[in-house]
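Asks: below are the sequence and a predicted model; questions follow.
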Amino acid sequence: MIDAALDYACQGIPVFPLRPGTKVPAVPKREGGEGYRDATTNRDQIRRWWRRWPDANVGVPTGTRSGFLVLDVDPDKGGDGSLKILIFEHGELPATATVNTGGGGQHYYYSYPVGAEIRNNASKLGPGLDIRGEGGYVVVPPSVTTGPYYWGDRSPVAGNPRPGSWKPSQHCLRARRASQESPSGRSPLPKI
């Protein structure tokens, strides 16, 4: 899991550890843990976390920290039906990076609109459709909860391009190439 966490960080995407097999932040509050607010791209901090919790899942904050706005479809709560209605009323969703979640749902990734504030909300678009925005986070591949998280669609993230500051630094790219941190040779995230 550390390979994936470091690969996200190399792409400028802040990460934080989640308790193994869960969606719960790993750093305890009694130790100063602040959940998604702890997310970082600092490789040394990431290594310290994954040495402590080698099987930790990977969390990524949504909103301005990562540049992601995520539509979370939960079929157990009627999300598939709500999504069909949304598509019928407004047209197809744009092609975008999509994750199949451990619980059988989907996460549709979009670029977080620059200058906007879109907070998390549950079921405002319809039953089983949640928005992960400012103040939230998502579990990302290759994490495992009740099942594995994996990329269903590796299209580029749809929406406004992310600011240039989110591109991985040359130092990070060289370090990743030199250490072969992604054993599969394939990034855990589609091109962004």
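Replies: Nice, I can see it.

Asks: what helix or strand is Gly104 on?
Replies: Under DSSP states H and E, no helix or strand contains Gly104.

Asks: brain fart, Phe16
Replies: Using DSSP H and E, Phe16 falls in strand 16-18.

Asks: helices or strands up against that strand?
Replies: Where contact means 3 or more Cβ pairs under 8 Å, 6 or more residues apart in numbering; DSSP states H and E, strand 16-18 is packed against helix 43-52, strand 57-61. Glycine gets a C-beta too; all of them are placed from N, C-alpha and C.

Asks: how deep is Asn57 tucked in, by neighbour count?
Replies: 28 (other Cβ atoms under 10 Å).

Asks: wait, I meant Pro156
Replies: Pro156: 14 neighbours (other Cβ under 10 Å).

Asks: against Ala97, how distant is it?
Replies: 7 Å (Cβ to Cβ, to the nearest Å).

Asks: same question for Ile13.
Replies: Ile13 is 12 Å from Ala97, where distance means Cβ to Cβ.

Asks: higher neighbour count, these two?
Replies: Ile13 (25 against 22).

Asks: can you list the buried residues in the lengthiest helix in the chain?
Replies: Scanning the chain for the longest helix, with DSSP state H as the assignment, gives helix 79-90. For helix 79-90, the neighbour count (16 or more other Cβ atoms under 10 Å) marks Gly79, Asp80, Ser82, Leu83, Leu86 as buried.

Asks: same question, stretch 13-33
Replies: Here stretch 13-33 shows Ile13, Pro14, Val15, Phe16, Pro17, Leu18, Pro20, Thr22, Lys23, Pro25, Ala26, Val27 as buried, counting by 16+ other Cβ under 10 Å.

Asks: run the chain-centre distance for that stretch.
Replies: 14 Å (Cα atoms, centre = their mean, to the nearest Å).

Asks: can I get it in CSV, CA atoms only?
Replies: Output of stretch 13-33 as CSV, limited to C-alpha atoms (Å, rounded to 0.1, in the frame of the first residue of the first chain):
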residue,chain,number,x,y,z
ILE,A,13,-2.2,14.3,-4.5
PRO,A,14,-2.1,14.4,-0.7
VAL,A,15,-2.7,11.2,1.2
PHE,A,16,-3.3,9.9,4.7
PRO,A,17,-3.6,6.5,6.2
LEU,A,18,-6.8,4.8,7.0
ARG,A,19,-7.1,1.9,9.5
PRO,A,20,-6.5,-1.4,7.7
GLY,A,21,-9.7,-2.7,6.1
THR,A,22,-11.7,0.4,6.9
LYS,A,23,-12.5,4.0,5.9
VAL,A,24,-11.5,5.3,9.4
PRO,A,25,-8.4,7.6,9.7
ALA,A,26,-5.5,5.7,11.3
VAL,A,27,-3.9,8.6,13.3
PRO,A,28,-5.7,8.7,16.6
LYS,A,29,-7.2,12.0,17.8
ARG,A,30,-5.3,11.5,21.1
GLU,A,31,-2.1,11.7,19.1
GLY,A,32,-3.2,14.9,17.3
GLY,A,33,-4.8,13.1,14.3
